[in-house]
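> Here is my input; please provide its structure:
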Amino acid sequence: MGKQPQTHEELQDQLEQADLTERQLEERALTEGAEKAELARYTVARDQANQLLGQARTAQSFAKLATVVTLRTLAEVKETKAYRELKGVPGVDPQGNKIDDVGTWDGYCRAIGRSKTSVDEDLRNLATFGEEALESLQAVGAGYRELRKLRQLPEEERELIIQGEAVQIEDKDALVELIEDMAARHAKEREALKQQAEDSRQELEASRRVTQDKSSRIVELEEQLHRRQHMTPDQRVEEFSDRLEAEGFKARSLLLPLRAVMVEILDWEDAPRELKHACAQQVARLRIELDQLQIELGLEAVDLDVDDSWMQEVAPS
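Numbers count the residues shown, from 1 in each chain. Model prediction:
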C-alpha cells in the first residue's frame, strides 16, 4: 500500500516546527556569542587589572594612574569585577602599607596607590562628563569640589559650562565662578520647587481634613435627624434641655478669661481711668449682644429668682 500524501495541516505543522527550531538555533548562537564576547571582555579587563597593578609598583608609571585613559580601564575592571582574580592575594600599597586582600575593590584600589573613595569619585566624573570633557575640565584645574557641584547641575547647564569659554581658554577662576553661580541658582530653584511641593502637600492635607470634617458633620447631622425622627416629645424636650444647658455653660465659661483681665485691672490701684472705663465698655457690649439676641428670638425678660413665666399660657386673642 503506497504512502498517503500529507494533509495541509500536517505540512503547516512541519513548517512551524522548522521555524521554531531555526529560532532556537539563532537564539543559542546569539547567547553563545554574547557569552564569548563577555568572556573576552573579562579576559581583557583581567589583563588590564594585572597591568595596572604592575605599573603601580614602579614610581615612574605610578604618576600616570590619574589619567582619563587609566580611569577608563579602572571602570572596566570594576564593572567586570576582574580584580576578583586576585582574591586572597596579600599585597602592599606604594607606601609599603600591608593589604590583606588585593582581590577586593578596596584592596585593589589601595594596591594601585589610590583610595576606593577617590577612584569611585573619578569614575562618577568619567561617567557623567565623558573622557574628552573630563580631560578638558582637569586641564583647566577643576578639582573634586568643582566637579561634584558640576555633576549636580541639570544636564543642559553642565553642557553650557563644558562647552563654554571658561574651559576652552583654560581659565580656572572663570570656571569656578560660573559653577558657583549656576550651583547657587540651581539650589535656589530646587529649594523653591521643594517649597512648592510642601505647600501643595499642606493644601492637599488641609483640603482632605476639611472634606473629612464635612463628611463627619454630615454623618453626625444625619444621625441626629434620624434619632429625632424617632423621638417621643418627652425625649426631644430632654435632649434640647441638655444641649441648651451645655451650650449656655460653655458660653458663660468663655467669659472667665475676660473677667480675669478685668479683675486684674480693677485690683491695680494706679490703673488709669480709661482702663476701668474700657472694662465697663466690654460689659456694655456683651449686654447689647444679649439684648439683641433676646429681641431676635422674641424672648420675654424673666426674673431668675421667681421664674414661672413658662407656666403661663398665652391667652387667645
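> Which helix runs longest in the chain?
What stands out as the longest helix in the chain, according to DSSP state H, is helix 172-229.
> Check the offset of it from the chain's centre.
Relative to the chain's own centre, helix 172-229 is displaced by 13 Å; criterion: CA atoms, centre = their mean, to the nearest Å.
> The helix or strand just after that helix vs helix 172-229, what angle?
Using DSSP states H and E, the helix or strand that follows helix 172-229 in sequence is helix 233-253. With axes from the mean of the first three to the mean of the last three CA atoms, to 10 degrees defining the directions, helix 233-253 sits at 140 degrees from helix 172-229.
> can you list contacts of helix 233-253?
Contacts with helix 233-253, where a contact means CB atoms under 8 Å, 6 or more residues apart in numbering, come from 228, 231. Backbone N, C-alpha and C define where each C-beta goes, glycine included.
> Look up how far residue 200 lies from the most centrally placed residue in the chain.
What sits nearest the mean C-alpha location of the chain, by CA atoms, centre = their mean, is residue 194, with 8.8 Å. Distance, residue 194 to residue 200, by CB to CB, to the nearest Å: 11 Å.
> on that earlier part again, any idea of the mean pLDDT in the longest helix of the chain?
Helix 172-229 shows a mean pLDDT of 81.
> Next: stretch 260-270.
pLDDT averaged over stretch 260-270 gives 91.
> Just want the angle from the strand or helix carrying residue 288 to helix 233-253.
Secondary structure assignment for residue 288, by DSSP H and E: helix 273-297. Computed with the same axes, to 10 degrees, the direction of helix 273-297 lies at 160 degrees from that of helix 233-253.
> list the helices and strands helix 273-297 packs on?
Helix 273-297 is packed against helix 255-267, with contacts defined by 3 or more CB pairs under 8 Å, 6 or more residues apart in numbering; DSSP states H and E.
> Give me the distance from the helix it packs on to the chain's centre.
That offset, for helix 255-267, works out to 50 Å (CA atoms, centre = their mean).
> what residues does that helix touch?
Helix 255-267 is contacted by residues 271, 275, 276, 278, 279, 282, 286 when judged by CB under 8 Å, 6+ apart.
> quick one: which of these has the most company?
Within the contacts of helix 255-267, most neighbours by other CB atoms under 10 Å means residue 279, with 17 neighbours.
> measure that residue to residue 262 for me?
Taking CB to CB, one finds residue 279 at 5 Å from residue 262.
> export stretch 130-145 as PDB, just CAs?
C-alpha atoms of stretch 130-145 as PDB (Å, rounded to 0.1, in the frame of the first residue of the first chain):
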ATOM      1  CA  GLY A 130      32.800  61.600  29.300                       C
ATOM      2  CA  GLU A 131      36.500  61.300  28.600                       C
ATOM      3  CA  GLU A 132      37.100  64.400  26.400                       C
ATOM      4  CA  ALA A 133      35.100  66.800  28.700                       C
ATOM      5  CA  LEU A 134      36.800  65.400  31.800                       C
ATOM      6  CA  GLU A 135      40.200  65.900  30.300                       C
ATOM      7  CA  SER A 136      39.300  69.500  29.400                       C
ATOM      8  CA  LEU A 137      38.000  70.200  32.900                       C
ATOM      9  CA  GLN A 138      41.100  68.600  34.600                       C
ATOM     10  CA  ALA A 139      43.300  70.600  32.300                       C
ATOM     11  CA  VAL A 140      41.600  73.900  33.500                       C
ATOM     12  CA  GLY A 141      42.300  72.800  37.000                       C
ATOM     13  CA  ALA A 142      38.800  71.800  38.200                       C
ATOM     14  CA  GLY A 143      39.100  69.800  41.400                       C
ATOM     15  CA  TYR A 144      36.800  67.300  43.100                       C
ATOM     16  CA  ARG A 145      34.800  70.100  44.700                       C
END
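> Please compute how far it lies from its chain's middle.
31 Å.
> I'd like the numbering to begin with 15 instead of 1 from here.
From this message on, residue numbering opens at 15, which makes the last subject stretch 144-159.
> contact partners of that stretch?
Residues outside stretch 144-159 that contact it (CB under 8 Å, 6+ apart) are 82-83, 85-86, 132, 135, 139-140, 143, 160-161, 164, 176, 180-182, 184-186, 189-190, 193.
> change it to 10 Å
80-83, 85-86, 132, 135-136, 139-143, 160-164, 172-173, 175-177, 180-190, 193 (CB atoms under 10 Å, 6 or more residues apart in numbering).
> for stretch 97-105, same thing?
56-57, 59-61, 63-64, 66-67, 70-71, 88, 91, 111-126.
> could you flag which of the contacts of stretch 144-159 are buried?
Buried members of those, scored by 16 or more other CB atoms under 10 Å, are 82, 85, 136, 139-140, 143, 160-161, 163-164, 172, 175-176, 180-181, 185-186, 189-190, 193.
> Counting neighbours, what do you get for residue 95?
Look at residue 95: counted by other CB under 10 Å, it has 14 neighbours.
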